[in-house]
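Visitor: Compute the structure for the input listed below.
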Amino acid sequence: MQEVLIAADAADTPRARVARLVASAPFQRTVIGLILFNALTLGLETSDAVMEEWGGLLHAVDRALLVLFSVELALRAYAFRARFLRDPWGIFDLVVVAVSWAPDSGPLAVLRALRVLRVLRLASVVPSLRTVVEAMLAALPGMGSIVLLMLLIFYVFAVMAVKLFGGAMEEQFGDLGTALFTLFQLMAMDDFGNVVRQAMGHHPWAWLFFIPFSIIATFVVLNLFIGVIVESIQTLREQRESADARAAQVATDAARSEAHLDAQALLAEIRALRAEVAALRQERAG
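Guide: Down below sits the predicted model:
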């Protein structure tokens, strides 16, 4: 949409004025404030006591906010036209607001529960959040190898756990599926101490199994995910900084080129004036 904004700066059409309005900082801050206010009202709707006393007002406020969000999307669509539909964030905002218009009754009533997704529009409005989300999406291909490595680690340790502790701890390691779930639970450090102590009650050396698994699964593999995401964020920022630098260079070159053309035009006018003066002198001399 940068091209539209650049064109809007040089134009004064209704569409250009709307584009400048939508891209302005006060407008963006207003949208952020409305989203945060909507998050508050949606949270209040979960309280039976609040709904009993203020339910009608909260529903009216929610409907008014939905109208405002729809108007904001209409302005963006008018300002940016086809670029709005080619923007993934624009499609996301459109779907979230469209779902909120689902009727309160009928087969589509279940979609009303998805109104809370409007809070996620902060990710499309706040640039820093948008950068994080885009970086996470860009990191998904790089996470494939890490996910495969984690699956292999879980499978190996699950098979070992069934063979080592399946007989004594059937509830946790009785079969492969149960063992995989228990290991995932241990990776999240959920009841880690009780499970390990119970295993050590049957096999005192059980810590030799669980401690290496915890170190590999929790501290190594999960940190690999974090490293991939951080690298993706850094790469995305560098790309944007490079793009901004190129845009600034293009603007500088354009300004220099325009200044050069102005200088050439001025020199041409001076030469023409000199020629006219010379012609006048010749006429007087003659």
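
Visitor: Kindly list the main-chain dihedrals of residue 191?
Guide: Per-residue torsions, residue 191: phi 60, psi 30 (degrees, to the nearest 10).

Visitor: ok, so what distance separates it from residue 241?
Guide: Residue 191 sits 46 Å away from residue 241, going by Cβ to Cβ, to the nearest Å. (C-beta placed from N, C-alpha, C; glycine too.)

Visitor: Among these two, which residue is more densely surrounded?
Guide: More crowded of residue 191 and residue 241, by other Cβ atoms under 10 Å: residue 191, with 13 against 10.

Visitor: Against residue 119, how distant is the nearest residue to residue 126 once chain neighbours are set aside?
Guide: Leaving aside its chain neighbours, residue 126 sits nearest to residue 32 (6.7 Å; criterion: Cβ to Cβ, 6 or more residues apart in numbering). Applying Cβ to Cβ, the value for residue 32 to residue 119 is 11 Å.

Visitor: How far does the helix or strand containing the residue nearest to residue 126 sit from its chain's centre?
Guide: Applying DSSP states H and E as the criterion places residue 32 in helix 25-44. Its chain's C-alpha centre and that of helix 25-44 lie 17 Å apart, by Cα atoms, centre = their mean, to the nearest Å.

Visitor: what's the answer for stretch 41-56, then?
Guide: For stretch 41-56, the distance to the chain centre is 30 Å (Cα atoms, centre = their mean).

Visitor: list the buried ones in that stretch?
Guide: For stretch 41-56, a neighbour-count test (16 or more other Cβ atoms under 10 Å) marks 41-42, 44-45 as buried.

Visitor: ends of it, how far apart?
Guide: Using Cα to Cα, to the nearest Å, one end of stretch 41-56 lies 12 Å from the other.

Visitor: Please enumerate residues in contact with that stretch?
Guide: Applying Cβ atoms under 8 Å, 6 or more residues apart in numbering, the contact partners of stretch 41-56 are 58, 61-62, 65, 115-116, 118-119.

Visitor: Kindly recompute the last result at 6 Å.
Guide: Stretch 41-56 has contacts (Cβ atoms under 6 Å, 6 or more residues apart in numbering) with 58, 61-62, 116.

Visitor: that older thread, could you give the mean pLDDT of the helix holding residue 32?
Guide: Averaged over helix 25-44, pLDDT sits at 87.

Visitor: helix or strand right after that helix?
Guide: From helix 25-44, the next helix or strand downstream (DSSP H and E) is helix 48-80.

Visitor: Can you name the element that comes right after that following helix?
Guide: Past helix 48-80, further along toward the C-terminus, the next helix or strand under DSSP H and E is helix 82-86.

Visitor: Could the C-alpha coordinates of the helix or strand following that following helix be exported in CSV?
Guide: As assigned by DSSP H and E, the chain's next helix or strand after helix 82-86 is helix 88-100. Provided in CSV are the C-alpha atoms of helix 88-100 (Å, rounded to 0.1, in the frame of the first residue of the first chain):
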residue,chain,number,x,y,z
PRO,A,88,-3.1,-10.8,4.1
TRP,A,89,-3.7,-8.5,7.1
GLY,A,90,-6.6,-6.8,5.2
ILE,A,91,-8.2,-10.2,4.5
PHE,A,92,-7.7,-11.2,8.2
ASP,A,93,-9.5,-8.0,9.4
LEU,A,94,-12.2,-8.5,6.9
VAL,A,95,-12.9,-12.1,8.0
VAL,A,96,-12.8,-11.2,11.7
VAL,A,97,-15.3,-8.4,11.3
ALA,A,98,-17.5,-10.4,8.9
VAL,A,99,-17.8,-13.2,11.4
SER,A,100,-19.0,-10.7,14.0
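
Visitor: Widest-spaced pair of the contacts of stretch 41-56?
Guide: 61 and 116 (14.8 Å; Cβ to Cβ).

Visitor: before we move on, the earlier item: ok, how many other residues are close to the residue nearest to residue 126?
Guide: Neighbour count of residue 32, defined by other Cβ under 10 Å: 14.

Visitor: And residue 78, how far from residue 68?
Guide: 16 Å.
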